[in-house]
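Participant: how would this look folded up:
(one chain, ligands or ions: 1)
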Amino acid sequence: MFIDSHCHLDFPELAENLPHILANMAANQVTHALCVSVDLPDFPKVRALAEAHSNLFASVGVHPDYQDTPEPTVAELVKLADHPRIVAIGETGLDYFRLKGDLEWQRERFRTHIRAARETGKPLIIHTREAAADTLRIMQEEDAGEAGGVMHCFTESWEVAAQAMELGFYISFSGIVTFKKALALKEVAKRIPLERMLIETDSPYLAPAPFRGKTNEPAWVKHVAEEIARLREIPVEEIGKTTSINYFKLFKHTFE
Ligand code: NI
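Facilitator: Numbering: from 1, shown residues only. Below is the predicted model of the structure:
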């Protein structure tokens, strides 16, 4: 079995094809998927997916790349997270690649999410791009380790992974690890303790090899697992099983 710990099934290119997407998951032993929220206006669609399908779960949060969108408060996030199918807070974090200028609002928004996660006891889904030092600093300042969570779509160095793991965080690999040129990331994927690892698609983006450039979908998380298994010279079933156990441990919902 495999679990896609991060996807965006509410995005139109996937939502339009949902029956087909769910059938492909089943055909590829992808048993569950976590639908990740990126802003509050679209959150009801994400929640509806988790309410309608027993193998889909959801998060609540506002992505750091969404600038012109209602800013969440801690109280709002806590209230929206109070739902049995909402298992995480995010995605949140910092992105100094996509957005430039004074990004203090991004850091404030990140702090808001960490506070909500600590209050609800639900783990964080963290996005970081060209902002590793500030991401880790804010995680430490806000005691993100109390809530725990995952560094999603990980593309940083071993040192960044080690510091996140020290705070109790998991490291999640996406289709990027299958890309030929991602040599440094492949080394990190070889080295991360298996009991700290998750896998994801971040679909509809980042389709793994051999589907690069196409619309990604949760079924293809299997290709992420296959590449990591190849790198570590272990059976793909072991990657699937351990990352699934890790997923349930982190997001604390039961097998259904
Ligand atoms: Ni995402």
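Participant: the helices in the stretch 51-200 of the chain, which residues?
Facilitator: For the stretch 51-200 of the chain, helices defined by DSSP state H, counting those that start in this stretch occupy the ranges 74-81, 104-120, 132-141, 158-166, 183-191.
Participant: Out of these, which is the most enclosed?
Facilitator: Ranked by mean neighbour count, these are led by helix 104-120 with a mean of 20 (mean count of other C-beta atoms under 10 Å). For glycine as for every other residue, the C-beta is placed from the backbone atoms N, C-alpha and C.
Participant: before we move on, the earlier item: quick one: the helices of the stretch 51-200 of the chain as CSV, columns for mean pLDDT and distance to Glu200 too.
Facilitator: What follows is those, written out as CSV (pLDDT from 0 to 100; distance: least, C-beta to C-beta, whole Å):
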stretch, mean pLDDT, distance to Glu200
helix 74-81, 98, 20
helix 104-120, 98, 18
helix 132-141, 98, 18
helix 158-166, 98, 15
helix 183-191, 98, 13
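Participant: Need those in JSON lines (columns: distance to Val221).
Facilitator: Formatted as JSON lines, the helices of the stretch 51-200 of the chain follow (distance: least, C-beta to C-beta, whole Å):
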{"stretch": "helix 74-81", "distance to Val221": "25"}
{"stretch": "helix 104-120", "distance to Val221": "24"}
{"stretch": "helix 132-141", "distance to Val221": "24"}
{"stretch": "helix 158-166", "distance to Val221": "20"}
{"stretch": "helix 183-191", "distance to Val221": "14"}
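Participant: Out of those, which is closest to Thr31?
Facilitator: Nearest to Thr31 among the helices of the stretch 51-200 of the chain is helix 183-191 (21.9 Å), distances taken as C-beta to C-beta.
Participant: Give me the spatial nearest neighbour of Ala131, chain neighbours excluded.
Facilitator: Nearest residue to Ala131, sequence neighbours excluded (C-beta to C-beta, 6 or more residues apart in numbering): Leu94, at 3.7 Å.
Participant: For that neighbour, list the residues it contacts.
Facilitator: When contacts are counted by C-beta atoms under 8 Å, 6 or more residues apart in numbering, Leu94 touches Pro64, Leu103, Gln106, Arg107, Phe110, His127, Thr128, Arg129, Ala131, Asp134, Thr135, Ile138.
Participant: do that again at 10 Å, thanks
Facilitator: Contact analysis of Leu94 by C-beta atoms under 10 Å, 6 or more residues apart in numbering lists 64, 103, 106-107, 109-110, 126-138.
Participant: So Ile89 is in contact with Leu124, correct?
Facilitator: Yes. With contacts counted by C-beta atoms under 10 Å, Ile89 reaches Leu124, the gap being 5.4 Å.
Participant: Now list whatever residues contact both of these two.
Facilitator: Ser59, Gly61, His113, Ile114, Ala116, Ala117, Arg118, Ala147, Gly149.
Participant: measure the closest residue to the second one other than its chain neighbours to Ser59 for me?
Facilitator: It refers to Gly61. Spatial nearest neighbour of Gly61, chain neighbours left out: Gly90 (4.1 Å); criterion: C-beta to C-beta, 6+ apart. Look at Gly90 and Ser59: by C-beta to C-beta, to the nearest Å, they are 5 Å apart.
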